[in-house]
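Undergrad: this is a predicted model, with the sequence first.
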Amino acid sequence: MYNEERALFTAQDILVRDSEFDVGESPLKHSTDVETSGVIFKGKYPIWYSSNVNVHNTVFDQGARAALWYTNDLTITDTKYHAVKGIRRCRGVRLENVEFTDGPETLWDCSDVSLKNIRVKGDYLGMNCSDMEIDGLYLDGKYSFDGCRNVTMKNSVIIGRDAFWNCENITIENCKISGEYLAWNTKGLTFINCEIESLQGLCYINGLVMKNCTFRNTTLAFEYSSVDIDINGSIDSIINPLGGIIRVDSIGELILEPERVNVKATRILLK
């Protein structure tokens, strides 16, 4: 067991196995070429300003807040993460089989990110990240992926309002998303084979493309958005799209207000 602050400060080319870092802060700060396996971190800021870090079969306890910041070439596999504000301002992040049980404000301002088979409970996941590849995410949390760029997401589930606000160049495939006010103020957003549930979702979007998608319990969609949409089945209501084309079997309520938008700019084809 390591108890002292900065226990392995500036460590290089080291394997830490079956160990416990108690409440002492910053045990692996400024480390390089580090691997952990079977380790428990209990104190704050365990790995900062580091590079080439491989974390495997490790536990970040509730006290290990802000665990991984300012670190490049970071790989985390088969790990339980119970602390807040994890992983910020990192480059080259690879996460696989990781569970964040209490993870608000995690994964901020990171680039070159790969997530595979990840479970997260917590708000504000993934703020201001870029160049992300996501496969198999289950997220229960609000305000996720705000301000992100160049993201592909597949085979995932998001439950929570205000996902993908203020984003650019986003592709989402084979996913289920449920939450109010989905993806406002975003540019270049594509959904393929997705299921969407949202109140007043997909509004204020420049370049919304949807292919082979379904909607349930979705009202007041597409307001002030430019669209190219193919919907399987029906949608409850649509309000004032800016322009484009909508292909759909049926619409419960269509609201087009000529004093707000050019109603002739949108073609609606009932299949």
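TA: Cool, the structure landed. Numbers count the residues shown, from 1 in each chain.

Undergrad: could you pull out the strands for the stretch 1-150 of the chain?
TA: Under the criterion DSSP state E, counting those that start in this stretch, strands of the stretch 1-150 of the chain are mapped to 12-17, 20-21, 32-37, 40-41, 47-48, 51-56, 59-60, 68-69, 72-81, 91-100, 111-121, 130-140, 149-154.

Undergrad: got JSON lines for those, with distance to Asp249 and mean pLDDT too?
TA: In short, each C-beta sits where N, CA and C put it, glycine included. Below are the strands of the stretch 1-150 of the chain laid out as JSON lines (distance: least, C-beta to C-beta, whole Å; pLDDT from 0 to 100):
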{"stretch": "strand 12-17", "distance to Asp249": "58", "mean pLDDT": "97"}
{"stretch": "strand 20-21", "distance to Asp249": "58", "mean pLDDT": "95"}
{"stretch": "strand 32-37", "distance to Asp249": "53", "mean pLDDT": "98"}
{"stretch": "strand 40-41", "distance to Asp249": "53", "mean pLDDT": "97"}
{"stretch": "strand 47-48", "distance to Asp249": "52", "mean pLDDT": "98"}
{"stretch": "strand 51-56", "distance to Asp249": "48", "mean pLDDT": "98"}
{"stretch": "strand 59-60", "distance to Asp249": "48", "mean pLDDT": "98"}
{"stretch": "strand 68-69", "distance to Asp249": "47", "mean pLDDT": "98"}
{"stretch": "strand 72-81", "distance to Asp249": "43", "mean pLDDT": "98"}
{"stretch": "strand 91-100", "distance to Asp249": "39", "mean pLDDT": "98"}
{"stretch": "strand 111-121", "distance to Asp249": "34", "mean pLDDT": "98"}
{"stretch": "strand 130-140", "distance to Asp249": "30", "mean pLDDT": "98"}
{"stretch": "strand 149-154", "distance to Asp249": "26", "mean pLDDT": "98"}
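
Undergrad: in the sheet, who's paired with His56?
TA: Listed by DSSP bridges, the beta-bridge partners for His56 are Ser37, Thr77.

Undergrad: got the end-to-end distance for stretch 83-91?
TA: The first and last residues of stretch 83-91 sit 20 Å apart, counting by C-alpha to C-alpha, to the nearest Å.

Undergrad: who touches it?
TA: The contact list for stretch 83-91 (C-beta atoms under 8 Å, 6 or more residues apart in numbering) reads 60-74, 93, 100, 102-112, 122.

Undergrad: of those, select the buried ones using a PyMOL command.
TA: With 16 or more other C-beta atoms under 10 Å as the criterion, this PyMOL line picks the buried residues out of those:
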select buried, resi 60+61+63+64+65+66+67+68+69+70+71+72+73+74+93+100+103+104+105+106+107+108+109+110+111+112+122
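
Undergrad: next, count neighbours for Ala265.
TA: 11 (other C-beta atoms under 10 Å).

Undergrad: OK, contacts around the residue nearest to it when sequence neighbours are not counted?
TA: Once flanking residues are discounted, Ala265 sits nearest to Gly243: 3.4 Å by C-beta to C-beta, 6 or more residues apart in numbering. Contacts were defined as C-beta under 8 Å, 6+ apart; by that measure Gly243 touches Ser226, Val227, Val261, Asn262, Ala265, Thr266.
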